[in-house]
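>>> just the structure for this:
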Amino acid sequence: MKFSLGFDSPQAWLDAVMEDFDAFLIDHAAAEKKASGMAISMLSHYPDKPDIVQAMIDLSIEEMVHFRDVIKILTERGLQLGADSKDTYVNELRKLMRRGTDVYMMDRLLIGGIIEARGCERFGLIANALPEGSLKKFYRAITESEARHENLFINLAKNYFAEADILERLNQLLDSEAKIVASLPITAALH
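Numbers count the residues shown, from 1 in each chain. Predicted coordinates:
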């Protein structure tokens, strides 16, 4: 099930990232660390669902590898990891999660897919903007990885919910996500 984001990241966001790429890298490292932690949290919440447990084990490892790779880039540039900070984008999306066992699980999976889709879009913009070289190759690989992850979450949702219900809720969440992204300040950060 393919879906499209409802808002394209503006050129001003890409310009801010390219103008302060070091700040972006520090934020990117933190985002990868949080993504790995999110996957662990998800499998801990659903220990009775083997498909989710296995998928989240794999995802947590992949995100941690990305974290390690970004830390290597930071080190090469003489940078270091920053302190954790709140991610307004993710926190606003979490507020959309409905209460109730089944609907919460559906929302959690769909929002996971949307977050990965936004990451895919933004990493792709960065990959296209970077000059040829190892950094461009790295961001191309990260973009492909994020594309797989968005499908992973949606496919997991399909194991538990009817496709029509998924589509209806996904469209609602995509509309809300578009408004959230449009309202974010433009900074050299992933979100």
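
>>> distance between the helix or strand where S41 lies and the chain's centre?
If you go by DSSP states H and E, S41 is part of helix 21-45. Once both centres are worked out by CA atoms, centre = their mean, to the nearest Å, helix 21-45 turns out to sit 8 Å from its chain's centre.

>>> what comes up buried for that helix?
By neighbour count with 16 or more other CB atoms under 10 Å, helix 21-45 contains the buried residues 21, 23-36, 38-39, 42-43. For the C-beta atoms, the positions are set from N, CA and C on the backbone; glycine is no exception.

>>> thought M38 was touching L109?
No. With contacts defined as CB atoms under 8 Å, M38 does not count as touching L109, sitting 11.7 Å away.

>>> any low-confidence regions in this structure?
Using pLDDT under 70 as the threshold, the predicted model of the chain has no low-confidence range.

>>> can you count the residues close to D69?
If you count neighbours by other CB atoms under 10 Å, D69 ends up with 16.

>>> can you name the residues that contact it?
Residues counted as contacts of D69 (CB atoms under 8 Å, 6 or more residues apart in numbering) are F138.

>>> in which helix or strand does it reside?
With elements taken from DSSP H and E, the one containing D69 is helix 50-76.

>>> by contact count, what packs against the strand or helix carrying K137?
Secondary-structure element containing K137, defined by DSSP H and E: helix 134-158. Under the contact definition 3 or more CB pairs under 8 Å, 6 or more residues apart in numbering; DSSP states H and E, helix 134-158 sits against helix 50-76, helix 101-129, helix 163-183.
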